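J.: What would the 3D arrangement of this be:
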Amino acid sequence: MHLQPQRKAFSMLTAIVVIVLMASVAMFIMSLSGKMVKATTTQYQREQAMLLSKSYTEYTVMAVTANKHNSTNCLNTINGAYQDYNITVKLSYIANTSTDISNCSRRLSTAVTTPGSPLNIIVDVFVRYPDYDHPDNLMKTYYKRTLQKI
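T.: Residues are numbered from 1 along each chain as shown. Sure thing, here's the model as predicted:
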């Protein structure tokens with residue numbers, strides 16, 4: 001008769017140990033799952049910024065080729081937005097002296113060109129997007145620079 005209360009106490013102790021162990025495993029899985037979601041979100045946002053920068057680079061090249069680039073009609077910046085992403089494109093021109101870009105605000109030295117050199121542009125694309133995992137939603141910036149012959 002003395003053994004029965006000890007069996008109940010042992011069963012209770014075993015149940016408590018199993019519950020604590022299962023709770024620890026559940027906490028570990030939840031923590032790991034949260035880290036994976038954060039990493040996936042960060043990777044998605046960066047990939048989206050990379051695709052937007054590529055798209056806006058191509059759009060800028062198309063806009064420059066369609067634009068008559070002369071001293072009175074220079075395309076210097078392009079701004080855009082997509083969902084939470086803000087895109088800013090800044091253009092710099094490299095041309096020989098026969099191409100009239102003297103009034104363009106962002107022109108580079110013509111010392112690197114020859115008389116037969118075509119117009120070249122430097123496309124700087126800045127894609128800004130919020131970091132949702134930061135408590136203050138700080139903005140991250142993805143930057144891409146491209147040199148393009150026109």
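
J.: and residue 88, how many neighbours does it have?
T.: Counted with other Cβ atoms under 10 Å, residues neighbouring residue 88 total 16. (C-beta placed from N, C-alpha, C; glycine too.)

J.: How about the secondary structure of it?
T.: strand (DSSP: H, G, I helix; E, B strand; the rest coil).

J.: Distance-wise, check residue 142 relative to residue 46.
T.: Distance of residue 142 to residue 46, given as Cβ to Cβ, to the nearest Å: 7 Å.

J.: now the helices for this protein?
T.: Ranges of helices in the chain, per DSSP state H, are 3-66.

J.: Flag the shaky bits of the protein, pLDDT-wise.
T.: Scanning the chain for pLDDT under 70 picks out the ranges 1-8, 68-72, 96-103, 107, 109-116.

J.: contacting residues for the nearest residue to residue 86 once chain neighbours are set aside?
T.: Once flanking residues are discounted, residue 86 sits nearest to residue 128: 4.6 Å by Cβ to Cβ, 6 or more residues apart in numbering. Taking Cβ atoms under 8 Å, 6 or more residues apart in numbering, we find residue 128 in contact with 85, 86, 87, 88, 139, 140, 141.

J.: now swap in residue 91 and tell me
T.: Residue 91 neighbours (Cβ under 8 Å, 6+ apart): 60, 64, 75, 76, 77, 78, 106, 121, 122, 123, 124.

J.: Fine by me, thanks again.
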